[in-house]
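1. starting from these lines, generate the structure:
(2 chains)
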Protein chains: 2
Amino acid sequence: MEHRKVLLTEDEMPRQWYNILADIAMNPPLGPDGNPVTPDKLAPVFPMNLIEQEVSSQRWIDIPEEVLGVLKIWRPSPLVRALNLEKALGTPARIYFKNESLSPPGSHKPNTAVPQAYYNKVFGIKRMTTETGAGQWGSALAFSCAQFGIECKVFMVRISFDQKPYRKSMMATWGANCVPSPSLETNAGRDALEKNPDTPGSLGIAISEAIEAAVTDTSGQTRYSLGSVLNHVLLHQTIIGLEAKKQMAKINEYPDVIIGCAGGGSNFAGLAFPFVYDKIHGKQIEIYPVEPAGCPTLTKAPFVYDHGDTSKYTPLLPMHSLGHAFVPAPFHAGGLRYHGMAPTVSQLVDEGLLTPKAVKQKEVFEAGVLLARTEGIIPAPETNHALATVIEEAKKAKEEGKEKVILFNWSGHGLLDLTAYESYFAGKIQDVEMTQAEITKAAQVFANHPRPQSLKSKR
Amino acid sequence: MEHRKVLLTEDEMPRQWYNILADIAMNPPLGPDGNPVTPDKLAPVFPMNLIEQEVSSQRWIDIPEEVLGVLKIWRPSPLVRALNLEKALGTPARIYFKNESLSPPGSHKPNTAVPQAYYNKVFGIKRMTTETGAGQWGSALAFSCAQFGIECKVFMVRISFDQKPYRKSMMATWGANCVPSPSLETNAGRDALEKNPDTPGSLGIAISEAIEAAVTDTSGQTRYSLGSVLNHVLLHQTIIGLEAKKQMAKINEYPDVIIGCAGGGSNFAGLAFPFVYDKIHGKQIEIYPVEPAGCPTLTKAPFVYDHGDTSKYTPLLPMHSLGHAFVPAPFHAGGLRYHGMAPTVSQLVDEGLLTPKAVKQKEVFEAGVLLARTEGIIPAPETNHALATVIEEAKKAKEEGKEKVILFNWSGHGLLDLTAYESYFAGKIQDVEMTQAEITKAAQVFANHPRPQSLKSKR
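-> Numbering: from 1, shown residues only, chains lettered A, B, ... in the order given. The predicted model follows:
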């Protein structure tokens, strides 16, 4: 009988993360003075050991034993052959996915939340703050802080806080304190409430609150944590792709196409970067980050210098951006509603090493339902974006009669997002697409920013 | 570094289920005439291939390849060493659990839903009906029917239907039709609504509706399905214990104590029965089914002949029962709110081979929160009953300074039960305990039923 899963033992887990900064050319982040940001400027926000990782260009970075010990709660994650999907589509393509939905919080997010909590602990930090939109990231950090005995404070965008009470309860079960943002606990929150007492909140405000809560703690024992975009976050996620490589080698396969959904970029990069290394060194391989047509950062927005947050607390980052003031339309994949994109992913797109795709919401949920009924797992709305593209590729392989090997990242399950499926079945999911006029308007906020140089990585 | 998990490959999966009917003495189910029920009487309700399994006394029954093919979506399930819990308790006990929360619906339930859907399919059945209380079983059958292209209809107790909309959406995503019970679709439902238009519904009514919907389909292509209690259901669940045995053997361990929560008995029996075989044949081993003090079937109710449902549609089954008319207090573990118990589990308790335990709700949630913060997975409220007893045993081992080996079944995750945790944190969870007077009163309904004989299994 055909095998569904390729497993690794705990002994076969990767012992090092892959750092793509060793292999690509990057524009530096810029401070308010227009000069590259130095590590010490970030010290009030992140612990120095993580800042060192953020700026490191060492290709392989050891994974601490204590981190591996916690990752083993659910890792290595299985590589799964999507046999039922192949059958349903009648495609000659062989389709594989990494099942990242098996972690206790239900997504790939703890792959970085665990090491972040660990490095904070080692640095003597007692309390971590963060923001969360849809709730996946806040849950992952809550879970990880419980493992290392660190206090965890989560500012959750108010509209999500009200609409998704399960996420808040999940964080409470792991001992974290989750409050709706804007809150009365920070200046940023009070300002926002003063301007609009009925505001639904935004990721921008929540980030400001979380950063403020960290840097204003006079004990010096609190730091802020981010769940995507930054180099060290994507670094930690490469364990996905490194495992996948080992697993594919075990069955003598190698992907022709790699697909992952992309919001801030961490789930996509986690699978793709170890294969990007191969592509830089000559391998023929197509790599698709997939985003919603309603927030088309990579497919339609320019490569610019922009802030990572609405309140401009962060340095200027070289990235594809729709503008730091842009508020994406409310669609059901909170994890992909981000105006910017990881600088590393942006650079690779700029160089033509990645081929971004944008998909619409109805197609996205249609794909999710097909996968739930064939492969069994109900996918997170974010994952559904990757799935729509997988299906398109598999159909193309059928038309061309090609035995293509497709590998994608099943970033999470949708068990706490079932209201989105309910909306889909009720015919309430709308296709959302940004017009060029909207994109031009949103771009005004970075019109006067410096421009990143066009760089070319060594190949 | 210490390993957390003991894995099996797909090739190492058990190829046969263990049928405990080969090894224990049983009183037969009785029909309305007081005589043992013959298989043909059950034919309108279940397909004949499952009825044959229900009455078989063959010790080993082959698992069809098609069933294994679907079980491989998440099986074999890991055997996990609860290292963090051991550390938190400072116990010399070594604690292991089977992680059954990794199935797409999130519990052990699909272990039997998959073969049930398969056997119905093979028998030419196009549509299956069932009831669900908390929603775990209905979800599992919905998932399984999607795998075999069978229509699925679920009658969900109205109060759960209203309080847990996510479960309904989950079933819809897998293509099942879930309606609140009582419904207007059956006589049983219409009767119930006529008597009380505002009824919250009950499992008893929902069972009646599901059975009626199956037997009244004149096409003959619909059958009913039950998620626990019956022999064939428990048979299918033994894959859990059979895997666990292989996994423990790999690390040269054997349990001193086995623990599982018990509602209808399927999750408990799935882990325990393969070890009960050893106990019958001389092994020294303690085996604890754990139930809520608010529904103390095994610990306080007598071993009698009683109906499996409130409407007396089922035969008289030899079991520990609180009375078929008993409605357990509303506590947060819907899967354990059942008046009866699997006849096989009941027989083993009657013979003294199992030692049932009852636990109270606050202790139960305290245990769940400790496990979430140590082992990471948020447990289902049902699982928490087992956990409370695991903690008690581990503490006893500490007091006695004994290196005891404890094995328990992590029956499911609590991601769709987070409101229960919310209630716990809000101090709204009450300890519920049945008084002797209440038990005596509930027992009146079976006062005139025949009594099962006191039998002794071969040892």
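
2. which residues are in contact with the strand or helix carrying residue A:291?
-> Mapping residue A:291 onto the secondary structure by DSSP states H and E places it in strand A:286-292. When contacts are taken as Cβ atoms under 8 Å, 6 or more residues apart in numbering or on different chains, the neighbours of strand A:286-292 outside the stretch itself are A:256-263, A:265, A:268, A:272, A:275-276, A:279, A:297-299, A:328, A:331, A:333, A:336-337, A:345, A:349, A:353-361, A:364, A:385-386, A:388-389, A:432. C-beta coordinates here come from the backbone N, C-alpha and C atoms, glycine included.

3. can I get the CA coordinates of that strand in CSV?
-> Taking only C-alpha atoms (Å, rounded to 0.1, in the frame of the first residue of the first chain), the coordinates of strand A:286-292 have been written out as CSV:
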residue,chain,number,x,y,z
GLU,A,286,9.7,27.5,-9.4
ILE,A,287,8.9,29.1,-6.0
TYR,A,288,5.5,30.9,-5.5
PRO,A,289,4.6,33.0,-2.5
VAL,A,290,0.8,33.4,-2.6
GLU,A,291,-1.1,36.4,-1.3
PRO,A,292,-4.7,37.7,-1.3
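
4. may I see the buried residues of it?
-> A:287-292 (16 or more other Cβ atoms under 10 Å in any protein chain shown).

5. for these, which one is nearest chain B?
-> Each of these was scored against chain B by Cβ to the nearest Cβ, and residue A:292 proved nearest at 19.9 Å.

6. any idea how far the closest one is from residue B:439?
-> 58 Å (Cβ to Cβ, to the nearest Å).

7. and residue A:378, by the same measure?
-> 41 Å.

8. which one of these two has more residues nearby?
-> Counted by other Cβ atoms under 10 Å in any protein chain shown, residue A:378 and residue B:439 do not tie: residue A:378 has more neighbours, with 28 against 16.

9. pretty sure that one sits against residue A:370.
-> No. With contact defined as Cβ atoms under 8 Å, residue A:378 does not reach residue A:370; the gap is 11.6 Å.

10. which positions in the stretch 301-450 of chain A make contact with chain B?
-> Counting by Cβ under 8 Å from any Cβ of the partner chain, the positions of the stretch 301-450 of chain A adjacent to chain B are A:368-369, A:372-373, A:375-378, A:415-416, A:418-419, A:421-422, A:425.

11. among these, which two are most distant?
-> A:375 and A:419 (21.7 Å; Cβ to Cβ).

12. so who does residue A:410 touch?
-> Under the criterion of Cβ under 8 Å, 6+ apart, the contact list for residue A:410 reads A:80, A:97-101, A:377, A:379, A:383, A:386.

13. neighbours around the residue lying closest to it once chain neighbours are set aside, how many?
-> Spatially, and ignoring its direct neighbours in sequence, residue A:410 is nearest to residue A:97 (4.6 Å; Cβ to Cβ, 6 or more residues apart in numbering or on different chains). As a burial measure, residue A:97 scores 31 neighbours (other Cβ under 10 Å).

14. list the beta-bridge partners for residue A:97.
-> According to DSSP bridges, the partner residues bridging residue A:97 are residue A:80, residue A:408.

15. and it, how far is that from residue B:340?
-> Distance of residue A:97 to residue B:340, computed by Cβ to Cβ: 42 Å.

16. now the residue most central in space within chain A. Nearest residue, chain neighbours left out?
-> A centroid search over chain A (Cα atoms, centre = their mean) returns residue A:266, at 3.4 Å, as the residue closest to the centre. Nearest in space to residue A:266, with sequence neighbours left out and distances taken as Cβ to Cβ, 6+ apart, is residue A:228 at 4.1 Å.

17. quick one: secondary structure of that neighbour?
-> Three-state call for residue A:228 (DSSP: H, G, I helix; E, B strand; the rest coil): coil.

18. which ones are touching it?
-> By Cβ under 8 Å, 6+ apart, the neighbours of residue A:228 are A:137, A:234, A:263-266, A:338, A:342.

19. with these in mind, which one is nearest to chain B?
-> residue A:137 (16.3 Å).

20. wait, residue A:170 touches residue A:156, no?
-> No. The pair formed by residue A:170 and residue A:156 falls short of the contact definition of Cβ under 8 Å, at 11.2 Å.

21. overlap in contacts, those two.
-> The contact sets of residue A:170 and residue A:156 overlap at residue A:135 (Cβ under 8 Å, 6+ apart).

22. how far does the host helix or strand of residue A:49 sit from the chain's center?
-> Here residue A:49, judged by DSSP H and E, is contained in helix A:48-55. Taking Cα atoms, centre = their mean, to the nearest Å, the mean C-alpha location of helix A:48-55 is offset from the chain mean by 19 Å.

23. ok, the following helix or strand past it: who's next to it in the sheet?
-> Downstream of helix A:48-55, the first helix or strand assigned by DSSP H and E is strand A:60-62. The sheet places strand A:60-62 alongside strand A:16-18 (antiparallel), with pairing taken from DSSP bridges.

24. near the residue lying closest to residue A:250 once chain neighbours are set aside, how many other residues are there?
-> Distances taken as Cβ to Cβ, 6+ apart put residue A:6 closest to residue A:250, at 5.7 Å, once the chain neighbours are dropped. Around residue A:6 sit 22 other residues, with neighbours defined as other Cβ under 10 Å.

25. partners of residue A:6 in the sheet?
-> Legend: beta-bridge partners of residue A:6 under DSSP bridges are residue A:79.

26. so who does it touch?
-> Shown here is residue A:6, whose contacts under the criterion Cβ under 8 Å, 6+ apart are A:78-81, A:247-248, A:250-251.

27. now the two most distant members of these.
-> Every pair in the contacts of residue A:6 was compared (Cβ to Cβ); the two farthest apart turn out to be A:80 and A:250, at 13.4 Å.

28. between the two, point out the one with more neighbours.
-> Legend: neighbour count by other Cβ under 10 Å for residue A:80 and residue A:250, higher for residue A:80 (24 against 13).

29. surely the more buried one meets residue A:3?
-> No. At 9.6 Å, residue A:80 and residue A:3 do not qualify as touching, with contact defined as Cβ under 8 Å.

30. buried sites along the longest helix seen in chain A?
-> Within chain A, and with DSSP state H defining each element, the longest helix by residue count is helix A:381-400. The neighbour-count criterion (16+ other Cβ under 10 Å) identifies A:381-394, A:397-398 as the buried residues of helix A:381-400.
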